[in-house]
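Visitor: Give me a model of this one.
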Amino acid sequence: MTSLKDKIGGIIILIVAIACCKQCTSEYIKGGDNKAISNYEKMIFDKSTAVAELYPEYKEVTVKIAHVPIKTYEFRYHFEVDGNKYEGEHTFSTDLPKSNTLKIYYLKDDPNFNLQDPQAKLDLEKEKNTSNSSLYWAIGWGVFALLLLLGLIDEFKKKPEPEIAEPAE
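Guide: Residues are numbered from 1 along each chain as shown. Below is the predicted model:
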């Protein structure tokens with residue numbers, strides 16, 4: 001016999017599984033961001049680049065993956081286009097940079113849209129249009145949620161067993 005606390009825990013897990021299924025389904029249906037894809041392609045085609053200067057302050061982030069610490073370094077940078085100052089952010093995933101400058105690409109129509117590697121971002125967005133991984137995750141979460149729901153229904157159908165008092169000796 002399960003307690004009410006276990007049933008409430010099961011309901012919470014069911015809600016989380018349904019939310020994860022919905023999120024993965026939405027990501028699969030949405031696919032890649034066509035506006036971002038267009039912007040990345042424009043940046044690459046126009047070859048609109050600038051040399052940005054890194055600010056000296058940065059944030060070191062350590063993430064453990066399989067108990068192995070992975071460090072990244074988040075920097076902000078600034079650059080000028082036609083006398084106007086713009087800023088952006090870049091994360092170095094290996095070591096601290098050897099130089100305080102960084103070649104960045106920007107969108108000619110809107111230099112606020114800028115980054116260091118538009119080709120990598122373009123590839124990621126295009127992959128969203130062809131990859132089925134979000135669909136597979138959605139199916140997995142959906143099956144898990146369905147099995148959990150069936151288990152919870154079964155638990156709520158069970159009648160509590162009456163306690164049998166043992167005779168005093």
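
Visitor: Check which residues of the helix ranked longest in the chain are buried.
Guide: With residue count as the measure and DSSP state H as the assignment, the chain has helix 4-30 as its longest helix. Burial within helix 4-30, assessed by neighbour count using 16 or more other CB atoms under 10 Å, is assigned to 10, 14, 17-18, 20-21, 24-25, 27-28. To be clear about C-beta, it is placed using only N, CA and C from the backbone, and glycine gets the same treatment.

Visitor: Dump the residues you listed to CSV, plus distance to Glu41.
Guide: Putting the buried residues of helix 4-30 into CSV (distance: CB to CB, whole Å) gives the following:
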residue, distance to Glu41
Gly10, 48
Leu14, 42
Ala17, 38
Ile18, 37
Cys20, 32
Cys21, 33
Cys24, 27
Thr25, 28
Glu27, 22
Tyr28, 23
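
Visitor: Go through those residues and name the one nearest His67.
Guide: Using CB to CB, Cys20 is the member of these that sits closest to His67, with 25.1 Å.

Visitor: Report how many residues lie close to the nearest residue to that closest one once chain neighbours are set aside.
Guide: By the measure of CB to CB, 6 or more residues apart in numbering, the closest residue to Cys20 outside its immediate chain neighbours is Trp141, 4.4 Å from it. Here the neighbour count serves as a burial measure; for Trp141 (other CB atoms under 10 Å) it reads 20.

Visitor: tell me which element Trp141 falls in.
Guide: Assigning secondary structure by DSSP states H and E places Trp141 in helix 133-157.

Visitor: Where does Lys98 sit: helix, strand or coil?
Guide: In terms of secondary structure, Lys98 is coil; the call rests on DSSP: H, G, I helix; E, B strand; the rest coil.

Visitor: Can you tell me the strand partners of the longest strand anywhere in the chain and which way each runs?
Guide: The residue-count maximum for a strand in the chain (DSSP state E) belongs to strand 49-65. The pairing partners recorded for strand 49-65 under DSSP bridges are strand 68-81 (antiparallel), strand 101-107 (antiparallel).

Visitor: Distance from it to the middle of the chain?
Guide: 19 Å (CA atoms, centre = their mean, to the nearest Å).

Visitor: In that strand, which residues are buried?
Guide: Along strand 49-65, the positions that meet the burial threshold by neighbour count (16+ other CB under 10 Å) are 50, 52, 54, 58.

Visitor: what helices or strands is the helix or strand that contains Asn129 leaning on?
Guide: Using DSSP H and E, Asn129 sits within helix 118-130. Helix 118-130 is packed against helix 34-46, with contacts defined by 3 or more CB pairs under 8 Å, 6 or more residues apart in numbering; DSSP states H and E.

Visitor: Next, the angle from the helix it packs on to strand 49-65.
Guide: Our comparison of helix 34-46 with strand 49-65, counting by axes from the mean of the first three to the mean of the last three CA atoms, to 10 degrees, yields an angle of 130 degrees.
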